[in-house]
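J.: model this:
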Amino acid sequence: MIQKTSLINGISGQDGAYLAEYLLSKNYRVIGISRNNSLNNFHGLKYLGIRDKVEVLHIDLSDANQCIELYKNFKIDEFYNLGAQSSVSYSFEYPTETIQYNVLSVLHILDAIRKINPESKFYQASSSEMYGKIDTLPIAKDSALHPISPYGISKATGHWLVNQYREAFGLYAASGILFNHESYLRADSFFVKKVIKSAIEIKKKNLDVLRVGNIDIKRDFGFAKEYVKAIWLMMQLDQPEDLQVCSGTSISLKQIVHYVFDHFQLDHDLIIQDINLFRPAEIDDIYGDNTAMKAKGWTYDYTFFNILDILIAEELQNDGIRG
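T.: Residues are numbered from 1 along each chain as shown. Modelled structure (predicted):
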């Protein structure tokens, strides 16, 4: 069997690390891209014990010439574009940086594939944030896009670029529309990770309270380790197709915080809503429909409370205490 070569942009993130692990289990050659190797210790790859099994390149995908050279130097069977400026809150503060990188990286790689290796497959990490203001739930993949953040706008633009290159040039280009998904490898700045780590610190009396923004909103949360299996599956179909990867239900941020605090037997009065942490614009409730993805062979039956139990246990295992 000929070994396939995969390239993962964003290999230092949670999805990149878990996808690399999954691809290695299927005997892929895995090459990763990092925008700045010197500032990255590749914690996720090291945590999974695969850092020495992955090649890492330092390439700026916002530079079209570097993308061309990448495809001239490597015969890439599957390109997974997971890397992005992915913080919604950060995108309000730095909209230019967010839109420039998240859009140009998609455009330049698609164009390099078109020019150098049209047989190479391309996966784009789209986001539920593209939908923004919605009238009907669950969201369908063809629901109207109405992004309300610079991040959502950047992802919507990348999503339409994938459609354009697929239809105009016949490329195998597909977008996975992923809703929120978490894991132990999630960066500390993201909500669920912040809640769990803060609860541990409050339990150890190193922190007095947890400050949160609007926790009345609801989101569709899932498990990153299972979502990367759907990502790979999308690249194995006979024809490229945009598909939603989601749990199919939503849960409020308040439910998440209360569940974690109840686990550690912490008083809910220690949860402080801070108006300064509210976003300029917010989606009240959002969840998707995973029927089409499951029809392709993906299996998923977690509730988010199941996932919270897994994340709490893993956090405690690596923190050195038991709650």
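J.: hang on, V195 packs against L207?
T.: No - V195 lies out of contact with L207 (CB atoms under 8 Å); the separation is 11.8 Å. Every C-beta, even on glycine, is put in place using the N, C-alpha and C of the backbone.
J.: Compare neighbour counts for these two and give me the winner.
T.: V195 (24 against 15; other CB atoms under 10 Å).
J.: so for the host helix or strand of the more buried one, what's the average pLDDT?
T.: Using DSSP states H and E, V195 maps to helix 191-203. The pLDDT scores in helix 191-203 average 96.
J.: In that helix, which residues are buried?
T.: F191, V192, K193, K194, V195, I196, K197, S198, A199, I200, I202, K203 (16 or more other CB atoms under 10 Å).
J.: which SS state does I31 fall under?
T.: Of the three states, I31 takes strand under DSSP: H, G, I helix; E, B strand; the rest coil.
J.: 829 is where my numbering starts, stick with that
T.: With 829 as the first residue, the last one maps to I859.
J.: I figured it hits N837, correct?
T.: No - here I859 lies out of contact with N837, judged by CB under 8 Å, at a distance of 9.9 Å.
J.: Tell me which of the two has more neighbours.
T.: Between I859 and N837, counted using other CB under 10 Å, N837 has the larger neighbour count: 26 against 20.
J.: So for the more buried one, what's the nearest residue that isn't a sequence neighbour?
T.: In space, and not counting its chain neighbours, N837 is closest to G911: 4.0 Å by CB to CB, 6 or more residues apart in numbering.
J.: Does that neighbour touch V934 like I think?
T.: No - counting by CB under 8 Å, G911 sits too far from V934 to count as a contact (10.3 Å).
J.: What is the burial count for the residue nearest to F1132 when sequence neighbours are not counted?
T.: Counting by CB to CB, 6+ apart, F1049 is the residue found nearest to F1132 once chain neighbours are left out, at 4.5 Å. Neighbours of F1049 under the rule other CB under 10 Å: 24.
J.: For F1049, list the residues it contacts.
T.: F1007, N1008, H1009, E1010, V1020, S1075, S1078, I1079, I1084, F1132, I1135 (CB atoms under 8 Å, 6 or more residues apart in numbering).
J.: how much space between it and L1038?
T.: 18 Å (CB to CB, to the nearest Å).
J.: Check D1095 too.
T.: D1095 is 11 Å from L1038, where distance means CB to CB.
J.: Now do the shared contacts for the two.
T.: F1089.
J.: who's more crowded, the two?
T.: L1038 (21 against 9).
J.: Dig out what that one forms beta bridges with.
T.: L1038 has the following beta-bridge partners by DSSP bridges: I1099.
J.: Quick check, it in contact with K1025.
T.: No - checked against CB under 8 Å, the pair L1038 and K1025 is beyond contact range at 9.8 Å.
J.: Distance-wise, check the closest residue to L1013 other than its chain neighbours relative to L1105.
T.: Computed as CB to CB, 6+ apart, the closest residue to L1013 that is not its neighbour in sequence is Q842, at 3.9 Å. Taking CB to CB as the measure, Q842 falls 22 Å from L1105.
J.: Comparing these two, which residue is more hemmed in?
T.: Q842 (23 against 13).
J.: dump the residue contacts of the more buried one.
T.: G872, E1010, S1011, L1013, R1014, A1015, A1052.
J.: likewise I937?
T.: I937 touches N837, L889, C895, F907, N909, F950, counting by CB under 8 Å, 6+ apart.
J.: So which residues of the protein form strands?
T.: 833-837, 857-862, 883-886, 906-909, 949-955, 1001-1006, 1009-1010, 1038-1040, 1046-1047, 1050-1051, 1071-1073, 1079-1080, 1099-1101 (DSSP state E).
J.: and L965, which of the ones you listed is closest to it?
T.: Minimum separation from L965 across these (CB to CB) falls at strand 1046-1047, 9.7 Å.
J.: does R1107 really touch I1045, like I thought?
T.: No - under the criterion of CB under 8 Å, R1107 makes no contact with I1045, lying 9.3 Å away.
J.: Give me the domain ranges for this structure.
T.: The chain breaks down by automatic domain parsing into domains covering 833-1009+1049-1073, 1015-1047+1078-1114+1131-1147.
J.: highest average neighbour count across those?
T.: Burial of the domains of the chain is given as mean neighbour count (mean count of other CB atoms under 10 Å); domain 833-1009+1049-1073 ranks first at a mean of 19.
J.: what's the distance between D1044 and F1092?
T.: 22 Å.
J.: what about the nearest residue to Y979 once chain neighbours are set aside, distance to V884?
T.: In this structure, Y979 finds its nearest non-sequential neighbour in S919, 3.7 Å apart by CB to CB, 6+ apart. The gap separating S919 from V884 is 26 Å, by CB to CB.
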